[in-house]
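>>> Sharing a model prediction with you, sequence too.
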Amino acid sequence: MKFNTKTIHGGQEYDKAYGAVMPPIYQTSTYAQTTPGGHKGYEYSRTHNPTRTALENALASIENGEYGLAFGSGLAAIDAVLKLLKPGDEVIVTNDLYGGTYRLFTGIYEDFGIKFRFVEMNDAGNTENYISPATRLIWVETPTNPMMNIIDLEKIAAIAKKHRLLFAVDNTFATPYLQQPLDLGADIVMHSATKYLGGHSDVVMGALVVKAKELAEKLRFIQNASGAICGPMDSFLVLRGIKTLHVRMQRHCENGREVALFLADHPLVEKVYWPGLENHPNHDIAKRQMRDFGGMVSFVTRGNDFEKAIRVVERLKVFTLAESLGGVESLAGHPASMTHASIPKEERERSGVVDSLIRLSVGIEDKEDLLEDLRQALD
């Protein structure tokens, strides 16, 4: 089954009760039993829920995995992965990543004795220099948030396999429409399903997808024991979003290209970060491991002027100044004061997140309106 068909049919079946084409919203906390332990596969909705099961099957299908798990948020999904570790373990992490992930790693798990090494991974081979006997996990985003750095997943996978390490990829920016990390050697794929998978800025959810049964069972135990699950209504909304993922991503990519090219030619823009530009670092790797280049674009205004960047985002009218990304509507953000404010300034700037950096989530509106909005805000 090809990808576009999978988004609609992958892992899905008609409802067994009445043949409903769309999975019903099973808004229930518990299920009747004929005798203790005698049930139809469901006992309590923290553990399993038919609507969530339908979503998890769809997640596994579109990522070419075997097992999907849905959580209350992307951070809850990451938290479950970290609970596979124990005090004294080390994690190698890309140095450019979502601020909430950084906060979870350093603000919570460092206190439990887990060490994090933040590494520049544009040269994937550099990762091996930081592996120690205590290393257990490599955590990667590609494209990264917000610098759009591209990391060679096959090379990282080879290093992880050589040293018998878990390899996890945050695939939120790319989505399985653009790349499928499990096929490139990853053990775990994570999504903030709040973003492109949901696609309409109306739900908060996270997801994990794996191929290995033993790993899935460990994560399922953590999911049930910790309880950071999503509800049936949210499951329904993300499942509905997945059914249009392919058509939405096509337009996100088309508009992203137009916005990136416009910004690259604008006299008030110093740098543009979008993997589709030929001068983007690791553009050739992006061409190889991605089907297209996505709708996330970051840029720096000339002079690295904090106040100028703030004025630009405040003047936008079609782009909405807001946290998050991946919805049908275009959003703009100022990472240094919004999504990445939890990262110390010096560390932020080492990875390129300067005060004048603006991050755009390019939506699916008419491109002419998006370009005119950027033009008037910059001019």
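It's in.
>>> burial measure for the closest residue to residue 341 other than its chain neighbours, as a count.
Closest residue to residue 341 apart from its sequence neighbours, by Cβ to Cβ, 6 or more residues apart in numbering: residue 99 at 6.6 Å. The way it works is simple: take the backbone N, C-alpha and C, and place the C-beta from them, glycine included. If you count neighbours by other Cβ atoms under 10 Å, residue 99 ends up with 19.
>>> ok, now residue 315?
Residue 315 is flanked by 15 other residues according to other Cβ under 10 Å.
>>> Also residue 160?
Neighbours of residue 160 using other Cβ under 10 Å come to 24.
>>> distance of it from residue 171?
With distances taken as Cβ to Cβ, to the nearest Å, residue 160 is found 16 Å from residue 171.
>>> now residue 338
In terms of Cβ to Cβ, residue 338 sits 22 Å off from residue 171.
>>> For residue 333, see how far away the residue nearest to residue 341 is.
11 Å.
>>> what does residue 80 give?
Residue 80 sits 26 Å away from residue 333, going by Cβ to Cβ.
>>> and what of residue 183?
From residue 183 over to residue 333 (counting by Cβ to Cβ), the distance is 31 Å.
>>> Which of the two has more residues huddled nearby?
Neighbours were counted for residue 183 and for residue 333 using other Cβ under 10 Å; residue 333 has more, 24 against 17.
>>> element containing the closest residue to the more buried one other than its chain neighbours?
Sequence neighbours aside, residue 359 is the residue nearest to residue 333 in space, at 4.8 Å (criterion: Cβ to Cβ, 6+ apart). Using DSSP states H and E, residue 359 sits within strand 357-361.
>>> Direction included, what does that strand pair up with?
Here strand 357-361 has these sheet partners by DSSP bridges: strand 296-301 (antiparallel), strand 331-333 (antiparallel).
>>> and the residue positioned nearest the centre of the chain, backbone torsions?
The centroid of the chain falls nearest to residue 172 when counting by Cα atoms, centre = their mean (1.7 Å). Main-chain torsions, residue 172, degrees, to the nearest 10: phi -60, psi -50.
>>> Begin at 20, not 1, for the rest of this chat.
With the count now opening at 20, the last piece we talked about shows up as residue 191.
>>> That one and residue 200 touch, don't they?
No: at 11.4 Å, residue 191 does not count as touching residue 200 under the criterion of Cβ atoms under 8 Å.
>>> still on that earlier bit, what sits against the residue nearest to residue 352?
Residues in contact with residue 378 (Cβ atoms under 8 Å, 6 or more residues apart in numbering) are 164-165, 315-317, 344, 351-354, 358.
>>> From these, pick the one nearest residue 72.
Residue 72 lies nearest to residue 344 out of the contacts of residue 378, by Cβ to Cβ, at 27.5 Å.
>>> The closest one: what's it in contact with?
Taking Cβ under 8 Å, 6+ apart, one finds 192, 214-215, 315, 350, 352, 378, 380 in contact with residue 344.
>>> repeat that for 10 Å
Residues in contact with residue 344 (Cβ atoms under 10 Å, 6 or more residues apart in numbering) are 164-165, 191-192, 211, 213-215, 220, 314-315, 350-352, 358, 378-382.
>>> and what of residue 154?
108-111, 134, 136, 146, 179, 182-185.
>>> Tabulate these in TSV, adding columns for pLDDT, secondary structure and distance to residue 154.
Formatted as TSV, the contacts of residue 154 follow (pLDDT from 0 to 100; DSSP: H, G, I helix; E, B strand; the rest coil; distance: Cβ to Cβ, whole Å):
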residue	pLDDT	secondary structure	distance to residue 154
108	98	coil	8
109	98	strand	5
110	98	strand	7
111	98	strand	6
134	98	strand	9
136	98	strand	8
146	97	helix	10
179	98	helix	10
182	98	coil	7
183	98	coil	10
184	98	coil	6
185	98	strand	10
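>>> got JSON lines for those, with distance to residue 299 too?
Shown next, in JSON lines, are those (distance: Cβ to Cβ, whole Å):
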{"residue": "108", "distance to residue 299": "34"}
{"residue": "109", "distance to residue 299": "30"}
{"residue": "110", "distance to residue 299": "27"}
{"residue": "111", "distance to residue 299": "24"}
{"residue": "134", "distance to residue 299": "32"}
{"residue": "136", "distance to residue 299": "25"}
{"residue": "146", "distance to residue 299": "20"}
{"residue": "179", "distance to residue 299": "25"}
{"residue": "182", "distance to residue 299": "29"}
{"residue": "183", "distance to residue 299": "33"}
{"residue": "184", "distance to residue 299": "28"}
{"residue": "185", "distance to residue 299": "29"}
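>>> Distance across stretch 187-206, terminal residue to terminal residue?
One end of stretch 187-206 to the other measures 6 Å (Cα to Cα, to the nearest Å).
>>> Equivalent analysis for stretch 315-325, please.
21 Å.
>>> now the strands paired with strand 376-380 in a markdown table, with mean pLDDT and distance to residue 58?
Formatted as a markdown table, the strands paired with strand 376-380 follow (pLDDT from 0 to 100; distance: least, Cβ to Cβ, whole Å):
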| stretch | mean pLDDT | distance to residue 58 |
| --- | --- | --- |
| strand 315-320 | 97 | 44 |
| strand 350-352 | 97 | 43 |
